[in-house]
Structure formats: structure tokens, C-alpha cells
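Student: please work out how this folds:
(4 chains)
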Amino acid sequence: MVDPMKKYSGFSLFKHALKHHEDWQKTWRSPRPKQSYDVIIVGGGGHGLATAYYLAKEHGITNVAVLEKGYLGGGNTARNTTIVRSNYLWDESSRLYDHALDLWYGLSQDLNYNVMFSSRGVMNLGHNLQDMRDIERRVNANRLNGIDAAVLTTKEVKDIVPIINDSQDIRYPILGASWQKTGGVARHDAVAWGYARGADQLGVDLIQQCEVTDIVVEQGAVTGVQTSQGFIGAKKVACVTAGNSGVMASMAGIRLPLESHPLQALVSEPIKPIIDTVVMSNAVHAYVSQSDKGDLVIGAGIDAYNGYGQRGSLHVVEHTLSAICELFPMFSRVRMNRAWGGIVDTCPDACPIISKTQVDGLYFNCGWGTGGFKATPGSGHVFAHTVAHDDPHPLAKPFTIDRFNTGHLIDEHGAAGVAH
Amino acid sequence: MLHIYCPYCEEMREEEEFSYAGEAHIARPLDPESLTDAQWGDYVFFRTNPRGLHHEMWNHAAGCRRYFNVTRDTQTYVIHETYKMGEQPSVTGEKP
Amino acid sequence: MSTKQDQCHRLEQGGRIDRSQPLTFTWNGKQYQGYKGDTLASAMLANGIKIVGRSFKYSRPRGIFGHGAEEANALMQLGVGKETIPNPRATQIELFDGLTATATNGWPSADFDLMEWVGKIGGKMMPPGFYYKTFMWPEKMWMTYEKFIRKAAGYGKASLEADPDIYDKLNRHCDVMVVGAGPAGLAAALEAGRAGKRVIIADEQDEFGGSLLASKQTINGQAAAAWAESAAAELAAMDNVLCLSRTTVFGYYDHNFLGALERRTDHEGMTAKSGSRQRIHRIRAHEVVLAAGALERPLVFANNDLPGVMLSGSVATYINRYGVVPGNRCVVMTTNDSGYQTALDITAAGRTVVAIVDTRQQPEGRLIEAARAAGIVIKAGHAVIEAQGSKQVTDALVAPIDAAGEQITGKPVSLSCDLIAVAGGWSPVVHLSCHTGSRPQWNDTIAAFVPGPSVQRQHLAGAVNGEYTTVGALQAGAQMGALAAGSEATTSYDCGDESVGLAQALYLVPHTKPVSRAPKQFVDFQNDVTAAGIELANREGFESIEHVKRYTAMGFGTDQGKTGNINGMAITAKNLGKTIAETGTTIFRPAYTPVTFGAMGGRDIGELLDPARHTAMHPWHVENGALFENVGQWKRPWYYPKAGETMQQALNRECMAVRNSVGILDASTLGKIDIQGRDAREFLNRVYTNAWSKLAPGKCRYGLMLKEDGMVFDDGVTACLDDNHFLMTTTSGGAAAVLSWLEMWHQTEWPELEVYFTSVTDQWATCSFSGPNARKVLAKLCDDVDLSAEAFKFMDWRAGTVAGVKARIFRISFTGELAYEVNVPANQGLYMWQQIVAAGAEFGITPYGTETMHVLRAEKGYIIVGQDTDGSLTPQDCGMHWIVGKNKDFSFLGKRSFTRPDTSREDRKHLVGLKPKDPTVVLPEGAQIVPDPKQPIPMDMLGHVTSSYWSECLGHGIALATVKSGHHKMGDTVYCPLADGRVLAAEICSPVFYDPKGERHND
Amino acid sequence: MTSMQTPLHNITLPASVSDAGVVMREDKFRGHLNLRGNPQDAAFTDAVAQVLGVALPLAPNTSAEQGSTRIYWLCPNEWLLLVAEGTQGQVEADLRAALAHQHIAVTDLSSGQTLVNLSGAKLDELMMKSAVYDCHASNFPVGKVVQTTFAKAGATIYKCEDGSFDLVIRRSFSDYFFLWLKDASKEYGLSVI
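Tutor: Got it, this is the predicted structure:
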């Protein structure tokens, strides 16, 4: 239960203002690690913190530590373009993402932390006939799966985004789009902080600056982790370390079907609001939305090479901005303020791994590629179930590592925001 | 923006001339039919993906169209060596 | 329009402006005058303009604070209409005649802003993170709250029209790249240039010289600015040196690659008269000398954001470089000796220095003596703890402080003034060095971060490395320039006595009230981040500097924390009882200063966004009214509508022409790979699913290519030209990928196979004509090949002469009709096309495009890879068991994957035909297929429609689809529930709708 | 009309300028042959030299020239032979005869690509706009051959004796190439001869 004294509200803000904000409490404790835990979650990003929160809230497992080598929410949670949608192609993935979308609604209230989820709608543009066939296919599949989806004509696209270039006389004209009105954006940092605060209040220990250096396995079962703060025992270890999953797996002697790539994004200088939906174009490799601060938030393509540097090559960003100027000629005089990179762990089928491993008590949740942020609540929710029951949540079942041996891949390259 | 020495053209070229071709030294099994599904899956899908030294293949796509190998640090992006197909790396990170 | 104002703050003489060239500009609707050589900021200051904008959150009045890239307040809306540019800094806008600028915030105006009251009243309710704590109830209201929040978002406005300007890029290469043309950069470039190296030196300002342009020092006996001029002139005269002024190196990328933005015409007007407005230089350098200098740090005290509080070095720059003195009565607050120079400059400009407030207890040295000698009051051991005034500074509240700079030790006094110049020390410009992953390192001696170790071939010279004296910068520059050039430095420098006393490391100035209750002490002006805000963030557990940044938005502005970050880190460190080194810094990212989107896009927009590839016959298609479809980069004729025809009518006409007589298709875009070598067959055996050992010269065979996962990847017909010579065709979009695929296997796995691959896609033009009259057409043009059905069979090819041109004639068919593909060298492609069209005229030969081709092949059940397959179908799933060789020696690519448990399932999705129950219906492509349309959502789905057309010749709709277990469900009825509520029923059938026995193409 | 059309036959010429900074000339209908073979095999190199009258260049990025025949090194076992218009068929036949039973390939590409010469006072800047490769004289001596990108297409670039560049461009990209060239040389003036 949330301590009523710590509850956030307009009223509490007013009360604290009278006291010059001097009495606010810590958002989370900074405990020293205990000797052992029932569950150790490696990785204090959005997914890891959500996993901890739901372990405590839904499964009553509160003897849990989240170990974060840097600071909470400092990895891809802090570096993505904050898009939330669930219009994936295949039943398995769209249901997983839609489970997440369901949780996005009401998440602020559940966490008592405003994650600023804003369902401003997401459109994926089609630029050639095959794009439009794929869009029709995906929208129909979404619809019959109960997921909000529609196909837009070029005119409907223009009605929703009046500043878009709808000329049919350009290199890759817009032929239409898929439209998920219930998708949108959220405040990425707040998601991590909200889950962190929620988990902390339920008794989870959040331990920052604690790098896991080894996963200790005895007789095929995990017994704990070596960390920069010493050995910490655990009955179960759950790795949720996007951008570092391969490195973690190798500690336990496991190989994963992953490659880690730089994925770049950029923001413009803040300008007065001019676009209030999310526009994505897979064909020309660009997507854009505008934050509540006024920045145009733009996602670029993936750099082809493996890279953990959180930076990529300039030509990828140049390519994206030429596409943006083509879609929105009026943005040409707007200026890029900052570009950065994250590390995306990509699977061969552009779908995640939410899985037990051959090591007892060791679990992995990884490989989200470019799709991790939007899945945060759902990912944490089904992974918590998987860890708690040592058995995959029904929605997580298709996402085992074993699918790469059986051949049951779920190819989402087409529906992922960016080719990878 | 990587600057890559093509061991066939014998000079440095810009990244835009190349395409990346994934981890190097993954030999195709000689007798695929004798492998278990897990062994086959490992060959097709599973990768080392290290943070640090990585042996990888690049194709000089806009140049000589040769595939070759690169030893590159995936953290610093420093390229330690490039070498021709069929050759072995001299920089391996293993302690002598 | 009001009248022109006097330049009341302009000095009679001095500065590098050209008083003979007055320029008129308009600010917020009023006209003013400045001079050539001014920045907009210096001209505004000259005219006494104090308030230049309103702050983001609290709508506080803000004035010009700095003089360059560090400026956080003076964001302009430059120009109007389609020329407008949001957010450039007044300090970086060179004045031109007719310049128009307005403030980006403030309603009704920046001077009188009603939002200020919202800020004043509501500000208390808006500490960092306030929005995370509220606006949560009721749930649905957030979008409404957000609408109001968004009203306050952003600074300037984007234009609503397309950009009238163009931008371009140059790829540059050099031995030595020098970033910055201050003393260090100039000295470095001189050495490298004299050593004969290819050198590029870039500086963001219009003139080379950096700090020297506003300096009163001498270099080797010459005035500093004059030395800079002569150095610049020497560099400009060297053929091997490229001097780029007005060029900002915005990003430093891996392997010594730099992006630099040159503003080519922005100093002349809003748009370029000809050529590009801005240009990006993409620079690959062997060695880089970073000589980017340092930025002055402000001090954090109460109301330090009031207009009239400025950086000390900026005040000096305005005086010395622009002949503008921003105030008449000035208080200088300093933690180091540099403030004294500013005080002396102010005095020399004939204005009053009320006092130098030095936070050090006992400052001593050369400059202190000079100030004393000039009669300036020095209040040592004091600090300005608060600026006072409503819209601009009227007083400085000064109090004695302890040696640590933490406590006020006596009663504050108020000094009347209109300018507070603040000298808080210097922060090296570590930004570029950070871009490549290098972490800055804290240097206690200079109380600043300097660039850390780097894996790049990077050298540091001058203030960027904490070397703040001019002579030190020059000498380091010379050394590093020579080092980068592999030479010895040729020049040594003497700048006279530059000795300075120890600086004090002070960031947050104490106030009589605690931080949480004192008037706002600003750290980051642009995002209204205060010391209290940082304290609150720390109190709430946001301890990592990245958390502080993200919780308070410190450093997220367009200045990226150039002035605020170090202070924020210092305050955090103090709150947490850590050192700044332990607290660490956030990581700077490109761009150093903002870069125009259009410039990043360059000329790769419009028609040049992506190459459009054309076949040899393209002009004919255009002339004959074809509409085009993008297929990969190719432009392919889609269909050829005649006047008044609907698309469907055109397709029906084209289809029936093929079925009844003859039609012609440009098939040149198919990928073509010439394969030579004695192991060519073996190679084909390995990459295709079927067997190639026995294909005789003169014969063709269809092949399917798989990835190792067993899924269909490409297909096409391969012809045996000679025993060791084959011609492979691929899909139009897949040609490059297939060639790379073949080369990869050959080069990496099977180099022992004697085979060579050469792309001949562009070499051959392909006229594919089909229909019952195809042979008659060919017969008119070709008399050296026996065209009889017996002699020239389906899936044969022959060399022959067609219309006098040596050709390869392939008897292959994608339409199900008798068909020939005539391949000729592409130089004769258009000619050949015209000859065939002419020969076919008597048969009504009809050109058709991709859409008709799709209909015709679908009637035959032929797949299109990428449309009917999606990377998840095996040959067996496609019903093509017949093409999978069972007895091949070599385990061909992908074969092993067939036996995996999921891949060998019997109930996988299979490619089948669908016949709509209502013959007039055409199922929409992409429709999902369900067994029971009445089931609740989520529905059990079987597959989807991959291709679907009206078949004019059959008189009903046809479709191809993937259906779960489809091969075992022939005759079953399935349903497509559509978005519009219709449910279309269809029967699962063979995908071959037309001529199932293949009699027509064998004819 | 003639039955032969070069890849660039369809271009629309810009208004002619007298002092054009960039000059383009298409070397129409040149014979282009792609040759593959083992450079370590003297039987191969000798036979080729015999047929062509000039030895194959074996060092990376080099070329050889003899009369109207020019040879570009493309990769260790691949060369582009540029021969006089109309002779490619004979040269191919001669090579095949001389190299019978060797592991070689000869492929006629005369229609698939074309040779374009670029010259003019603004050539250096045009090349900087168009190619990521360093075309500066210090890095690109006369006779050097480089396969690289030209805008978003590929090109094989050769430095001629007179300082101009010969580019081999693919037919299907030639309209794009010319579109780019027109755009990039707009500020300098373009003349097509």
C-alpha cells in the first residue's frame, strides 16, 4: 500500500508549496543490498522496474532487489522516442503489445505518478503498393484481435496532419497510412521513476551503482550474482538489461540470438506545437512526434554494425532528416538541437525474448529491438508472472529462446518502427 | 562514421562504401543434416555479440565487392585490423 | 512604426564594427540602427534594449547575457513568413540591413507579459517534477491538461511554408583539422600549414581570432587583433589550407570524422540570393586539433537572471569588439582575476565601475594593482548575493562572505547599478571531445572539466585544455599543430606578463535565506532551473547527475547547459556531500550548436531523395501515358490508361489483350546475374532448392532461393547459356541482395568453387510479349530461329537475330500464355521495343504494366516473392514441394531448417487460391481470413489475402492467400470480415485458376 | 532513328552557358568488358596481355592504357576493359579463345554502363559534393581508378591525364546521375559537349 503521506496530488503539491517544498520525501530509498533475495532483477530500466513492481504487487514477492549498474532508467528508457502503440502484425506480438497498451491506460493512477501517457494517435505511412498491402493486412489483423486500428487514405492523413506533404508528385508519395488512435507517447523518464517509486513503496530494494560482474550458477541452478558491491545471493535472477543482454548471458554461459546495434534519435529546438500525433514512415526511415516541451522528437534508422557506444554514424541521421524534410518541407528551417544513440538488442525476427533458460532460476527478458519502450508495462507484467511461477505467462509463451531452435519465429520486421 | 581499410583495395574508405555483414568466422556446418535442431539453430541465429573486440564481416559493396574481416571494438569503435577472407585475426583479446 | 532610436550605449569609437555602414533592423516592430560588424545582440545592446524574451516556465523577463554560443536567453524569431527561423541566438546573428526579429515568448509582448503573473503566482506550485505529481485525476482529463501545458511549449514558431532555400554538402579530407581559430587554433594551423599539410581550420565567427579580437594584449609586440589578422592572412594565402569562417564544427564522430555547418549567406539576408544558404562540410581528418576555447561560467545568486546581469567576458567583448558598453554603472563580481580586466575595460570606456566585488578574501597581483591604480573600489571577500530590480537591474545586494564562500558574514549593502558583470571562471568546451565517447575529467587546479583521454587522433590546445593564458594557448597550439603535422614548431610566442592570482572555485553564492526560500537563484536560464530546484531533486532522491538533469531539465535547452551545467553539478555535489569529480558530468551530444534540418538533408530531397532507376524503354512508357509504380528504386509502368478509362477498365483491356492476342511488358528490371565457371552448376545446386546438374544448354529452369531458415527469399528463371555459363534472373527488388548473397557464399564458404558472378541487369533490356499471337509477332522479326513449338519449346532459349539485332530469346512465361522474352543489349532496348510494338500492331499488341502482369500471373497461381511470401513461408508452404530436390548431394541452403519441429508442422499457413462466393466480389488484399465470422473478438484467424484481382477473362474475382492448413482444406468456405462491416465468403481452391494443365504456354 | 541509344540519350540539357564551371562529355558506345581471372596465374596474365597488347594492372586502384584500350583494376581478380566502339565482340572472342580452359569470365557490359568525362574549373568542388572519396590530386593521381559512390549511385572514377575524371556509371542510374549533376553544378554552370 502506498503510504498516504507520500501520495502525490495537486493538494499535496499545494501543501508542500506552503513549506517551500522542503518536506518532500525521497522518491525511493537507497538501501544497502541484503545478503540475499528471493529474486534479483538485473537492470533498473523501465522493464526491470516494472517487473519488480508487478512481482511485488501482483505476486506478493517483495524480497526483491533491482540491481542497476548506473542510474535507474538510464539506458534505453532514457533514450527512446517515447512512442506507444500495439499495432503489430502477428497475433502473438500484437496481443503482447496490446496487453501493454491496456496497462498504459490507468498507469499514472496505478502508480500515483503521472507518466504523461498521451494517446495522441500513431500513424504509419505507406509509400508504395506493397506498403499499403502490408498496412491493410496489419490493420485487419489488429481489428480482429480487438486492437484499435484503421487504414487512412492520403486525404485522411492530411486531415489529421495538415502540415504533411501529400503531393503525389514526389519520389515516394504518401499513399495512405495505418492509424492507431489509442497509441501515443509517454514521458519516458517518468515511467522508470514511477515504477521505481511504486516498487520501492512495496518493499523492493533499488540498488544503483551496482554492476553485476558475474552470474553464479551451481549445478545448473542460479545461486546469486557477483557485483561491484559484492556477492548477493538469489533464488532467481531475472535479467532485463537491454543493450547489455548478450554480455549478461555470456556470464551464465548462455548464447542469445541477439545483435546489439546503435539506434539514433534526435530532437529539434523547442518550437510552438505544430504536430500533435506521431507520424512514422518505415519506407523512408523516419518518425516524428512533438513533445510537450516543443521539441520535435525524431527517430532515425539503425546503424548496421554491432555497437555498444550509444552513438552511431552521421549518415544515418542525415538520411533521416532528408526524409523528414521531404515529408514536412516546412521543417527545413527548423534546427536539430541534439542527437544521441541507444543500444538496441535485435532478434532475428524483430521480436523479444521473454524466457526461462537452461539454467534453473535464470530468466531473460531482452531483444526488444526498437520496440521496448511501448511494451514496458506489459513486458514487466508478463515477465513478473514468468519469474514468479517459473512458467511463462500465456502471452509470453511464444517468446521463448527455444523458438530459434523449433523455427517458430514471429517475424515482425514489417511492423517494427524501423527496419532491423 | 567509420573509416575502414579495405584489404583488397589497400586503402582507407568511407563507411558509406561498405555494407555490414555480421559476425565473422561462423563456418557453415559441413553436414547440416547430422545436427540437432539446437545446433542448427545456434549456427543460424545465435551470435557472440560481445561488448569489446568483435570479428565481423564487411562487404566493400560500392568498391571491389569483396567480403573481408574486421576486428573492431564495439564499445570504442576502434578498428584494430582488417584482414582478408580465409585469414585469421591477429588481435583476439585473448591473453597470450 | 516608431522612430529610430539612438544607439545610446554605443561608444564614439573603437571596436571592429564599420561605422560607415549603418544598418537598419526591426525588433518587436520597432526600427533601430546598428553597424556592419554588429551581431543582433550587440546592436540591441547598443540601442539599450534590455528585455529580449521571457523565460519558459515562469515568464520572467530576460536580457542578453553572453555574446556567443553560450547565450541562453536571447532566442529570436528571425524573419517572417516562409523565411522565418525559430530560435537563433541574437549573439550569433550577424546584423544585416532590413533584419527583422521578434521575441519568441511573451504575451502581449516580451516587455509586458501577462504570463509573468501566472509565473509569479503559480511558480510556487511548479517545482521540478510537479507534473509527475498531479494532473492525474480524473484519468481521462490528462489530455485536456496537456492541451494547456502544450500552449506554453516551445520558443519560436516554425514556418508554415516550404523552405525557399537550398542546402548542400561537401565531402572534405585533410591531414590536420583545426577546430577553432582563436590563438591556439591559429597557431596550430600556421604550423601545420607551413609544414605543407592539407589543413582545414574552421571557426564559428565571421572573423578568425576568437578572444584575440576583443583583447588588448600584444603578441610578439603586435596588437593581438592585428596578429590574428596577419595569421589569418598567412593561412588564407596557403594553397594547402582551407579557412572556413562562419563555420561551426557541430559534431565530432568516430574515426576523426567531423560535421561542420557553414553559414554562407546568413549574414547577408534571410535567404540566399543564389546557391545554398548553408553548407555542411563532412570532414575526414587524419589528425584533429581541438582548439575550441572555453566559455565563461556565471555565478548562481538570487535573481541572477535579471536583464542587466551579464557574463564579465561578454561585457568586455561588447566594449572592445563592438564598441558597445551595456551599462553605465557596473558592478563586477568575480572569483578570479579576469573580472578586473573587464572593470578596466569599462573604465576605459568612460563608464563607472561601482565596485569590483571579489569573492576571494585577499586578491593580489598585476590586475588587482591596475584596478586599484585606476581608482576602482574593490570589495574583497564579498559577493553579490542578489540582483534587484523589477524588469532590469537597479541594484546589487552585496554582502561579505566567508573564505569558503558558504556563509554570509555581515550585513548586506545595496549598490545602485544597471549592470552586473559576472566572472565565475571558465569551462573548457569539452563538447566535441565528448561526442566520440570520451569522458571529460575534472581538473581541480582550474576547477573545471577538461577533455579526457580519447581513442581518436585528437590533440588539445589552449583553453579547451584549461590553458587560459594567450601565450599558453599560442604555444600549445603551435606544439599541437606541429605534432599533428609531424613537424617541429617554427614559432615561439611572447605576450608579456599574463600572470594571474589563484581563482576561487565558487558556484552557488550564499544568500541570507536558505536556498529553498531565497529569491530564485538560476542555474539554467533557458529551462528555469534554480538552485532550489536542484536541491529539491536531490532531496527527492535524484542523485545521479543524469537524474538531476532529467528531473529538472537542466541542460536540455538549446544551449545544452553551456553555462549552467557545471554550476548544477557543483550544487548537486555539495548537496550530496561529494566532490564534483565524483558527481560527474552529463554527456554532451552533437550538435554543439543547432544545425538546420535542411542542411542535414542537403540535396538528397525531392527527386534526389533516392535514385529513380529507369529502363532503356522508359521514354516510350512516358510518351505512351504509363502510370508508374515504385518497385525498389525502379520506376515500372503500372498500367497504361487510355483517355477516359478507369484503372479497372485499363486492366481489363490489357489482360484481355494478352489472353486473346498479344501484350508486351518491359521486364528489364528483373535482376540478371551472369554466372561463369566450371562449378557454376554445383553452385546453383547449393543455393537453389532444385537440381541443376542436368540442365542442358538452351534450356531454362525456375528456381527458388531460401535463407538458411528455410524461408523463401527470392525466385527466378535461370538459363543455361553454355555448359559452364548461366544467366540467373532475380526479382526486380531483390537483385542486389541476391548478388551479394551469392558473392558472400562464394567468397566466405566456397572459394574453391570455380565460378564468377557479374551483374548484367543493366546490360540487357527485356521485352516480354505474350499471348496467342506472340509467335506471329516474333516470326515477323526473326528468321534465323525455328520458332515452331516442337523446335523451340516452352522453357527453351535461343540465340537469334530479332529486327536485325543479336538477341537472346527466352520462351518463358509469367502469364500462362505463349510468351517470349527478347533480351537485347540495352543500347538497343528502346529500338527493339519499338520494333516489336510495330510488328505487333496488326495483332493489336498492347503494352501492359505490373498490375496486369500481377493479374495474369495470379490467374496462373504464380507467386510474387515479397507479396505472396513474407519471409515466413517455405517452398512447401507455397505448395511447391515439386521444386525441392530430395536427392541432392549437397544440403542446399535452408534445407536443414525444414525438419525443425515448427517448420515441419502440417498445419502451417499454406498458400492457396480463394474464389469469392459472390463472383462479382474482389477480396481486398490484406483481408484477414477466419473460419467463423461470428466468433467474438479476438478472432481465430487462419491467414490473409496476399493477392487479389478481378479476373476479366474468368469473369470473377480471384485471390491468393495464406491459410492455416490450407492445402488440407480445399473446398472449405472461409470468411473475410472487413472494416466496413461486410463479411466476404470465399472458397479455398487451387491457386491455379486459369489453364491448370498449362496447355496455353506450351502451345 | 538509330537503333543504338546511349544511357544518357534521354537527358534534357540545361541552357547552354559559355563559361561553364563543369563540362560533361559522354564517351558514347565505348566497349565495356568485365574480365575475371586469376592474377597469380601467368598463363592468364600473359594471354590477356597478348590479346590486349598491354599487361593487366595488378596493383589495387591502378589502370593501364594502350591505344584505345584502357584497363581498370576493379578487384584482385576483376578488371574492366574499355575498348574501342564496336570491338568488344571481337575482343571478347579473342580473350575466350586465348583463355580457353582457364577459369575466367568475360562479360560484355557495353550497354549496361557508359563512360562520362567530367572536367572544368569547378570540377574539384563538384567531386566534393558528389563523392565521399577524396578526389584531391594528392590522393588521386593520374591513372588511378576508384570504385566508390557518386551521390547515391555507384561510380568507377578514373583520373585522366588532363586532370579531368572519367566516370563509369550504370545505365539505370544515368538519369539520376544527370539529375544530380545538373543540380550540383547549377551554381557553376554546366555544359554538355
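
Student: can you list the residues of the stretch 101-250 of chain C near chain A?
Tutor: C:124-125, C:127, C:130-137, C:139, C:142-143, C:146, C:149-151, C:153-163, C:165, C:167 (Cβ under 8 Å from any Cβ of the partner chain). Using the backbone N, CA and C atoms, a C-beta is placed for each residue, glycine as well.

Student: show the buried residues in those residues.
Tutor: Buried residues within those, counting neighbours by 16 or more other Cβ atoms under 10 Å in any protein chain shown: C:127, C:130-136, C:142, C:146, C:149-150, C:153-159, C:163, C:165, C:167.

Student: what is whichever strand or helix holds residue A:225 packed up against?
Tutor: If you go by DSSP states H and E, residue A:225 is part of strand A:221-227. Using 3 or more Cβ pairs under 8 Å, 6 or more residues apart in numbering or on different chains; DSSP states H and E, the elements in contact with strand A:221-227 are strand A:36-42, strand A:212-218, strand A:230-239.

Student: mind putting those strands into JSON lines with mean pLDDT, mean neighbour count and distance to chain B?
Tutor: Converted to JSON lines, those look like this (pLDDT from 0 to 100; neighbours: other Cβ atoms under 10 Å in any protein chain shown; distance: least, Cβ to the nearest Cβ, whole Å):
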{"stretch": "strand A:36-42", "mean pLDDT": "98", "mean neighbour count": "25", "distance to chain B": "15"}
{"stretch": "strand A:212-218", "mean pLDDT": "97", "mean neighbour count": "17", "distance to chain B": "13"}
{"stretch": "strand A:230-239", "mean pLDDT": "98", "mean neighbour count": "21", "distance to chain B": "14"}
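
Student: mind listing the helices for chain D?
Tutor: With DSSP state H, the ranges of helices along chain D come out as D:42-52, D:88-98, D:123-130, D:174-184.

Student: one step back: and the helices and strands packed on strand A:221-227: which comes nearest residue A:146?
Tutor: Closest to residue A:146 of those, according to Cβ to Cβ: strand A:230-239, at 29.4 Å.

Student: and the next helix or strand past the closest one?
Tutor: Downstream of strand A:230-239 (by DSSP H and E), the next one is helix A:245-251.

Student: return the distance of that following helix from the chain's centre.
Tutor: Chain-centre distance of helix A:245-251: 20 Å, with Cα atoms, centre = their mean, to the nearest Å.

Student: which elements pack onto the helix or strand that that helix is followed by?
Tutor: Sequence-wise, the next helix or strand downstream of helix A:245-251 (DSSP H and E) is strand A:259-268. When contacts are defined as 3+ Cβ pairs under 8 Å, 6+ apart, strand A:259-268 packs onto strand A:296-302, helix A:314-327, strand A:335-346.

Student: what average pLDDT does stretch C:188-203 get?
Tutor: What stretch C:188-203 shows for mean pLDDT is 98.

Student: tell me which residue of chain D lies closest to chain B.
Tutor: residue D:75 (3.5 Å; Cβ to the nearest Cβ).

Student: does that residue touch residue B:6 like I think?
Tutor: No: using Cβ atoms under 8 Å as the test, residue D:75 is too far from residue B:6 to be in contact (9.5 Å).

Student: where do the contact lists of those two overlap?
Tutor: By Cβ atoms under 8 Å, 6 or more residues apart in numbering or on different chains, residue D:75 and residue B:6 have these common neighbours: B:64, B:66.

Student: and these two? which has more neighbours close in?
Tutor: For residue D:75 versus residue B:6, neighbours defined as other Cβ atoms under 10 Å in any protein chain shown are more numerous around residue B:6 (23 against 17).

Student: look up the closest residue to that one, ignoring the ones flanking it.
Tutor: Among residues not flanking residue B:6 along the chain, residue B:60 sits closest, at 4.9 Å (Cβ to Cβ, 6 or more residues apart in numbering or on different chains).

Student: need the contact list for that neighbour.
Tutor: Contacts of residue B:60 (Cβ under 8 Å, 6+ apart): B:6, B:8, B:9, B:13, B:17, B:18, B:66, B:67, B:68.

Student: for the residues you listed, give me CSV that also has secondary structure, pLDDT and distance to residue C:276.
Tutor: Formatted as CSV, the contacts of residue B:60 follow (DSSP: H, G, I helix; E, B strand; the rest coil; pLDDT from 0 to 100; distance: Cβ to Cβ, whole Å):
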residue, secondary structure, pLDDT, distance to residue C:276
B:6, strand, 98, 32
B:8, coil, 98, 36
B:9, coil, 98, 32
B:13, strand, 98, 27
B:17, helix, 98, 25
B:18, coil, 98, 28
B:66, coil, 98, 37
B:67, strand, 98, 38
B:68, strand, 98, 37
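
Student: identify the farthest-apart pair in those.
Tutor: Of all pairs in those, the most separated under Cβ to Cβ is B:13 and B:67 at 14.3 Å.

Student: per-residue confidence at residue 125?
Tutor: Using chain A. Confidence at residue A:125, expressed as pLDDT, is 97.

Student: actually it's chain D I care about, not the one you picked
Tutor: 97.

Student: next one: the one 4 residues further on
Tutor: Model confidence at residue D:129, given as pLDDT, is 98.

Student: try residue C:237
Tutor: Value for residue C:237, per-residue pLDDT: 98.

Student: what of residue C:587?
Tutor: You'll see residue C:587 listed with a pLDDT of 86.

Student: now the strands for chain D?
Tutor: Here chain D has its strands, by DSSP state E, at D:22-27, D:31-36, D:63-66, D:69-75, D:78-83, D:105-108, D:113-119, D:145-150, D:153-159, D:165-170, D:190-192.

Student: just the mean pLDDT for the last one, thanks.
Tutor: Across strand D:190-192, pLDDT averages out at 93.

Student: am I right that residue A:50 sits in a strand?
Tutor: No: counting by DSSP: H, G, I helix; E, B strand; the rest coil, one finds residue A:50 to be helix, located in no strand.

Student: what sits against residue A:203?
Tutor: Counting by Cβ under 8 Å, 6+ apart, residue A:203 has contacts A:56, A:62, A:63, A:64.

Student: which strands or helices does the helix or strand where residue C:231 lies pack on?
Tutor: Element membership for residue C:231, per DSSP H and E: helix C:224-237. Secondary-structure packing of helix C:224-237 (3+ Cβ pairs under 8 Å, 6+ apart): helix C:183-194, strand C:218-219, strand C:241-244.
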